[in-house]
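A.B. asks: after the sequence you'll find the predicted model.
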Amino acid sequence: MTLIDWFPALTTTSVLALAMWLAKNLLLTRLTRSVQCEFDAKLEKLRAQLRTSEAQLAALQSGTLGAIQSRRQALDVRRLAAVDQLTEAIIELNKARVTVSFMQVIKWPAASKATESDPKARELFKSLPLQELSVEILKGALKARPFLTEPVWAAYSAYQYTCMTAVLKHKALIHGAGKFIKEDEGRLHKMIVALLPHFDEFLKEHGEDAACYLVESLETKVHTEVQSMLRGEEADVEQLKNAAKVIELAGELRAAQDKAAVPKV
């Protein structure tokens, strides 16, 4: 058999091989393109889902931060309103300053005893100015309490109690009912010293009746604590302990008055 005899066979085999190779490459190309297209589609879908998730997360964060900001703004507005209510109560209590002033010079035990049996003594105290205080305005301070810091409320409690004790004693002298005013067993002294420790020796020397001389210092203390609150300053542990002590003592004094059937101050 000559080479010519093999030529058709070789040609046919080569053509078949070439055709198979071309078919294989074509198939691979189509498969590759198909896979690539599918991959691209899935990738684009994943990207779209990711963009959607990011948008949802951004919206959620924006909504959450917006809600937090709104609550903070609402709290700030209410806190400023609380300061206004407290200030109104302080201004109302300032009406008692005249009473506080003359209670500074009155010897309480002697005056109390004299008015129990002497109508002229009662008339004397009745002639002294005594302004009635607005209960509603003073209640406004109670409504403000949840929005005030403990140091602010502690200072106000001491200031209020000192002013109102003078008013209560004045009324007791007018009606000859001084015996119903019970001793506070050193609580007022402790309250003031917790807030104004530098007055400890002064009160020890002159007694708790001398607290009337400290009304202005107590009012200043209230304003100082309010300003600190508005500046956003945090009270330290010692300040919080002292504030808690003052508030507790104020509660004890009120409970003692209730027990003795004395009008609340």
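C.D. replies: On my side now, so go ahead.

A.B. asks: what is the neighbour count of the closest residue to residue 170 other than its chain neighbours?
C.D. replies: Excluding its sequence neighbours, the residue lying closest to residue 170 (Cβ to Cβ, 6 or more residues apart in numbering) is residue 99, at 5.0 Å. For the C-beta atoms, the positions are set from N, CA and C on the backbone; glycine is no exception. Residue 99 has 23 neighbours, counted by other Cβ atoms under 10 Å.

A.B. asks: got it, and residue 127?
C.D. replies: Count around residue 127 with other Cβ under 10 Å applied: 9.

A.B. asks: give me the phi and psi for it.
C.D. replies: Taking degrees, to the nearest 10, you get phi -80, psi -20 for the backbone angles of residue 127.

A.B. asks: likewise for the one 4 residues further on?
C.D. replies: Note on residue 131: backbone dihedrals following degrees, to the nearest 10 are phi -90, psi 140.

A.B. asks: now do the nearest residue in space to it that is not next to it in sequence, the pLDDT please.
C.D. replies: Among residues not flanking residue 131 along the chain, residue 95 sits closest, at 4.3 Å (Cβ to Cβ, 6+ apart). pLDDT, residue 95: 87.

A.B. asks: how many neighbours does residue 95 have?
C.D. replies: 16.

A.B. asks: now the helices for the protein?
C.D. replies: Assigned by DSSP state H, the helices in the chain fall at 3-93, 97-103, 108-117, 119-127, 135-144, 150-174, 187-195, 200-206, 215-230, 237-259.

A.B. asks: tabulate those (TSV), appending distance to residue 180.
C.D. replies: Shown next, in TSV, are the helices of the chain (distance: least, Cβ to Cβ, whole Å):
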stretch	distance to residue 180
helix 3-93	22
helix 97-103	16
helix 108-117	10
helix 119-127	14
helix 135-144	20
helix 150-174	6
helix 187-195	17
helix 200-206	24
helix 215-230	23
helix 237-259	9
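
A.B. asks: so for residue 181, which of those sits nearest?
C.D. replies: helix 150-174 (5.3 Å; Cβ to Cβ).
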